[in-house]
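*Asks:* Fold the following for me, if possible:
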Amino acid sequence: MSSPSEGEAPMPEAGVSPASATADSDDRASYRQIFKATSIIGGAQVVSIVIGVARTKVFALLLGPAGVGLLGLLNALLSAAGMVAQMGMGAVGTRQIAEAHASGDRARIALARRALMVATLFLSVIGGGTVWLLREPLATYALRDAGLADAVGWIGLGVALSVAAVAQAALIQGMRRMWELAMLQIGGAVLLTVVGLPLVWLLGAAAVPFYVILMPLSAFVLGHVFVARLEKLPPVTATLPELAAQWRVFIAFGLPMMGAAVVGTLTTLWIQTHIKAELGIAALGLFVAANTIAMQYAGLVLTAMAGDYFPRLSGVIKDKEAARRLVNQQTEVALLLAGPIILVMFAAAPLVISLLYSDAFTPAADVLRWQTAGTLLKIVTWPMGFILLAEGAGRVFFVTEVSTVLVMAIATALAVDHYGLAGAGIGYFVSYVFYLPLMFIFAAPRIGLRWSAPVVRTLAIITFGLAALLWPVLAPSTLSLVLGAIVAGAATITLAILAARALDLARLLQRFRGAKS
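*Replies:* Residues are numbered from 1 along each chain as shown. Next comes the predicted model:
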């Protein structure tokens, strides 16, 4: 067959209607958009993590355990205070900007941006000022060291900067500027390293408070640069009622998000103290090691896709059919990307822990395996959770999130008492077994969501691979080890083939070769 001439639309294949061909082309484009956004943000995260690991190593060599301990205390305070001061600004601001951006109404976009920035100014002053005014009580009772009052005062500035930086990132994400979002991550990590480490080298422990606030400062400076490069909008004269309407959304959804985040942080702290009390400080170290690995590899996939997926879903959430299609595509892509990582992590848990830490940490392998199984459920439910965020269902989001972390706490406590350290991983797994039906009860019906055949097929492949890997763990033998490796390897190859089909790589390669010739 002769190929279509330049500028001529290709004819659909025999037996395929033009409408079907168009829909298929749209789906391929959507898959490519998802993979592209994931690769951009995911790549930025990988670079940031690598820089962060090197930076932490140098910091530890310069100041030793005491300096690392002080850094941890001040970082924890900045994180907790910033979480409260931001009031869910990241997600709420992204949603409001994304909805306005999807409408194409420049006046509406300008109004949303103005409301976001005014709210940011207010929350920055209140949050940072409160920490500064309460610096002495916070140092005495929260950090248990009255001598850190001046350091806590500087943290107040960090809180104000973190609120502003989160709002800038929400504006960039809502406008779906993925490259700028990626550069924001990498640039912040680079600036903190280039400026922070020489500061620590020159001033020693006295530089730690300034080192802590350098990250939000770097994010704020870079965010200001990237926001200034966004499309210029016509001047908008926003009335107080118009701004108040935007702020009501911020409050109605921001407060539940903040509450859920605080409860989650406190629950994580309680779980760690329970493990320490029941099993000792060494067991807690093993749990922290496994948990850090699990959260990092899951975060690489989930956070990367959130950069583009959340604003896209917010823009189409009122179109139920489009929303259903996007959620299913995102779920499929998440499974295709995370599936091989999950299988490798489950199979090589002892080796991974030994390489990243030391042989002394290999008893944490059972925890990591349970958390890996729980991560599969987390990845499956994660795209559905964004339905609640996109619709602004703040109360429902709060109830589902808080109930899940409470189940995690209870299940972990019971499992640790009965199974020891492995119980910490079991509790994590049980919480997502609980969370999955919650999403089908509270989130899926809002857009009439049912998993598509590709999602079910991909999930089945990963589950079958995990079952094969579980066999040699439960019944170690040469036969179970070999067969488990073969089945898991076949599952991984199948996932790669499905990913290539979703992207239509064969056609892309053909076009690339044609362009070169």
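*Asks:* Could you verify my assumption that Ala110 touches Leu233?
*Replies:* Yes. Under the criterion of CB atoms under 8 Å, Ala110 makes contact with Leu233 at 4.2 Å. Glycine gets a C-beta too; all of them are placed from N, C-alpha and C.
*Asks:* neighbour count winner among the two?
*Replies:* Ala110 (18 against 13; other CB atoms under 10 Å).
*Asks:* do you know how far the more buried one is from Met117?
*Replies:* Per CB to CB, to the nearest Å, Ala110 is found 11 Å from Met117.
*Asks:* now swap in Ile426 and tell me
*Replies:* Distance, Ile426 to Met117, using CB to CB: 46 Å.
*Asks:* And Ile461, by the same measure?
*Replies:* 46 Å.
*Asks:* So which of the two has more stuff around it?
*Replies:* A direct count of neighbours by other CB under 10 Å for Ile461 and Met117 places Ile461 higher, at 20 against 16.
*Asks:* didn't Ser403 look like it was pressed against Ile441?
*Replies:* No. Ser403 lies out of contact with Ile441 (CB under 8 Å); the separation is 11.5 Å.
*Asks:* neighbour-wise, which of the two wins?
*Replies:* Comparing Ser403 with Ile441 by other CB under 10 Å, the one with more neighbours is Ser403, at 15 against 11.
*Asks:* quick one: contacts for the more buried one?
*Replies:* Phe434, Leu438 (CB atoms under 8 Å, 6 or more residues apart in numbering).
*Asks:* Give me the next element, helix or strand, following the strand or helix carrying it.
*Replies:* Secondary structure assignment for Ser403, by DSSP states H and E: helix 394-419. Remark: after helix 394-419, the chain's next helix or strand is helix 422-442, criterion DSSP H and E.
*Asks:* what does the following helix or strand past that next one contact?
*Replies:* Moving toward the C-terminus from helix 422-442, the next helix or strand (DSSP H and E) is helix 453-474. Contact partners of helix 453-474, identified using CB under 8 Å, 6+ apart, comprise 328, 331-332, 335-336, 339, 342-343, 346-347, 369, 373, 376, 380, 451, 480-481, 483-484, 486-488, 490-492, 494-495, 498, 502.
*Asks:* neighbours around Ser477, how many?
*Replies:* 10.
*Asks:* what's near enough to touch it?
*Replies:* Taking CB under 8 Å, 6+ apart as the test, Ser477 contacts no residue whatsoever.
*Asks:* Can you give the distance from the helix of greatest length in the chain to the centre of its chain?
*Replies:* Counting by DSSP state H, the longest helix found in the chain is helix 18-86. Put simply, helix 18-86 sits 7 Å off its chain's centre (CA atoms, centre = their mean, to the nearest Å).
*Asks:* got the angle between the helix or strand following that helix and helix 18-86?
*Replies:* Per DSSP H and E, the first helix or strand lying C-terminal to helix 18-86 is helix 89-103. Interaxial angle, helix 89-103 versus helix 18-86 (axes from the mean of the first three to the mean of the last three CA atoms, to 10 degrees): 150 degrees.
*Asks:* other SSEs contacting helix 89-103?
*Replies:* helix 106-133, helix 149-174, helix 240-279, helix 281-316, helix 365-391 (3 or more CB pairs under 8 Å, 6 or more residues apart in numbering; DSSP states H and E).
*Asks:* ok, now with 6 Å
*Replies:* helix 106-133, helix 149-174, helix 240-279, helix 281-316 (3 or more CB pairs under 6 Å, 6 or more residues apart in numbering; DSSP states H and E).
*Asks:* tell me how far it is from the chain's mean position?
*Replies:* 17 Å.
*Asks:* buried set for that helix?
*Replies:* 89-102 (16 or more other CB atoms under 10 Å).
*Asks:* after the helix or strand containing Ala322 comes which helix or strand?
*Replies:* Assessed by DSSP H and E, Ala322 sits inside helix 320-347. Per DSSP H and E, helix 320-347 leads on to helix 349-356 as the next helix or strand towards the C-terminus.
*Asks:* Could you pull up the mean pLDDT of that next one?
*Replies:* Averaging pLDDT along helix 349-356 gives 78.
*Asks:* Alpha carbons only: can I get that helix in CSV?
*Replies:* What follows is helix 349-356, C-alpha atoms only, in CSV (Å, rounded to 0.1, in the frame of the first residue of the first chain):
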residue,chain,number,x,y,z
ALA,A,349,14.1,-7.4,49.4
PRO,A,350,17.0,-8.7,51.5
LEU,A,351,19.6,-7.7,48.8
VAL,A,352,18.0,-4.3,48.3
ILE,A,353,18.1,-3.5,52.1
SER,A,354,21.7,-4.9,52.4
LEU,A,355,22.9,-2.7,49.5
LEU,A,356,21.2,0.5,50.7
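*Asks:* can you tell me which residues contact Lys378?
*Replies:* Tyr432 (CB atoms under 6 Å, 6 or more residues apart in numbering).
*Asks:* any idea how far it lies from Ile493?
*Replies:* 24 Å.
*Asks:* what about the stretch 201-350 of the chain, any weak spots by pLDDT?
*Replies:* 234, 236, 238-239, 242, 252, 269, 281, 296-301, 304-307 (pLDDT under 70).
*Asks:* List the buried residues of the helix holding Ser403.
*Replies:* By neighbour count on 16+ other CB under 10 Å, the buried set for helix 394-419 is 394, 396-402, 404-405, 407-409, 411-413, 415-416.
*Asks:* ok, now stretch 207-226?
*Replies:* 207-220, 222-223, 226.
*Asks:* separation between Met408 and Ile275?
*Replies:* 13 Å.
*Asks:* got it, and Ala360?
*Replies:* Ala360 is 17 Å from Ile275, by CB to CB.
*Asks:* Among those two, which residue is more densely surrounded?
*Replies:* Ile275 (24 against 13).
*Asks:* Name the nearest residue to the more buried one, ignoring sequence neighbours.
*Replies:* Leu284 (5.0 Å; CB to CB, 6 or more residues apart in numbering).
*Asks:* was I right about that neighbour contacting Glu278?
*Replies:* No. In this structure, Leu284 is not within contact of Glu278 by CB atoms under 6 Å, at 9.6 Å.
*Asks:* With neighbour numbers in mind, choose between those two.
*Replies:* The neighbour count for Leu284 versus Glu278, taken as other CB under 10 Å, is higher for Leu284 (20 against 15).
*Asks:* Next one: that one from Ala365, what distance?
*Replies:* In this view, Leu284 and Ala365 are 16 Å apart by CB to CB.
*Asks:* Apart from its neighbours in sequence, what residue is nearest the residue most central in space within the chain?
*Replies:* Centroid-nearest residue in the chain, with CA atoms, centre = their mean: Thr303, separated by 2.8 Å. The shortest distance from Thr303 to any non-neighbouring residue, by CB to CB, 6+ apart, is to Gln45 (6.4 Å).
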